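A.B. asks: Generate a structure from the sequence data that follows.
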Amino acid sequence: QVQLKESGGGLVQAGGSLRLSCAFSGDTFTNYHMGWFRQAPGKGREYVATISRRSGFSTRYADSVKGRFTISRDNAENTVALQMNSLKPEDTAVYYCAADETLHKLIAPEETADYWGQGTQVTVSS
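C.D. replies: Residues are numbered from 1 along each chain as shown. The predicted structure is shown next:
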C-alpha cells in the first residue's frame with residue numbers, strides 16, 4: 001500500500017520561501033506520477049503542480065503559482081519536493097502530496113488521485 005508523508009510546512013512572512021517534501025513508500029516510486037494540491041480554509045481542494053514519473057520529468061503548474069513554485073522529484077530517494085518562493089498570504093493552506101499511476105487522474109478536476117498524504121500546514125503572514 002502506497003504511503004505518502006509530507007513535511008516542511010510552517011509559518012513564513014509574505015515574500016519568504018518554504019520547501020515542502022513528500023516521502024513515498026510502499027510501491028515502486030518510478031511507476032507513479034506525483035502532484036501537490038492545497039486546500040485553504042473554507043475552500044475546495046486546488047491543484048498546484050504535477051511532475052511525471054519519467055520521460056524527462058515533465059512538470060505542470062497552476063497559473064496561480066507559475067514562476068514562484070517549483071516541483072521536483074528524486075527517484076533515488078523516493079521523494080518529491082515543492083519549492084515555494086515569493087509566498088503570498090493567499091498561499092496559506094494545507095498542502096497535500098498525491099500519487100497516481102495515471103497522470104490524468106492528478107490533473108483532471110473531475111478525477112481524484114489514488115493516494116494522498118495527510119497534509120502539512122503552510123501559513124503566510126502579511
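
A.B. asks: mind listing the helices in this structure by residue range?
C.D. replies: Secondary structure of the chain, counting by DSSP state H: helices at 104-107.

A.B. asks: now the strands: where do they sit in it?
C.D. replies: 3-7, 10-13, 18-25, 33-39, 45-51, 59-61, 69-74, 79-84, 93-100, 115-116, 120-125 (DSSP state E).

A.B. asks: tell me the contacts of Gly16?
C.D. replies: Leu87, Val124 (C-beta atoms under 8 Å, 6 or more residues apart in numbering). No exception for glycine: its C-beta is placed from N, CA and C like everyone else's.

A.B. asks: Kindly apply the preceding question to Tyr32 instead.
C.D. replies: Val2, Phe24, Arg53, Ala99, Asp100, Glu101, Tyr115.

A.B. asks: how about the residues you listed in TSV, adding pLDDT, distance to Gln39 and neighbour count?
C.D. replies: Listed next are these as TSV, based on pLDDT from 0 to 100; distance: C-beta to C-beta, whole Å; neighbours: other C-beta atoms under 10 Å:
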residue	pLDDT	distance to Gln39	neighbour count
Val2	97	20	18
Phe24	98	21	24
Arg53	92	24	19
Ala99	97	17	26
Asp100	96	18	23
Glu101	95	23	16
Tyr115	97	17	18
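
A.B. asks: and of those residues, the nearest to Ala62?
C.D. replies: Asp100 (17.3 Å; C-beta to C-beta).

A.B. asks: How about the closest one: what's its closest non-neighbour residue?
C.D. replies: Ala113 (4.2 Å; C-beta to C-beta, 6 or more residues apart in numbering).

A.B. asks: I'd guessed that neighbour sits against Glu101; true?
C.D. replies: No: if you go by C-beta atoms under 8 Å, Ala113 and Glu101 don't touch, sitting 9.7 Å apart.
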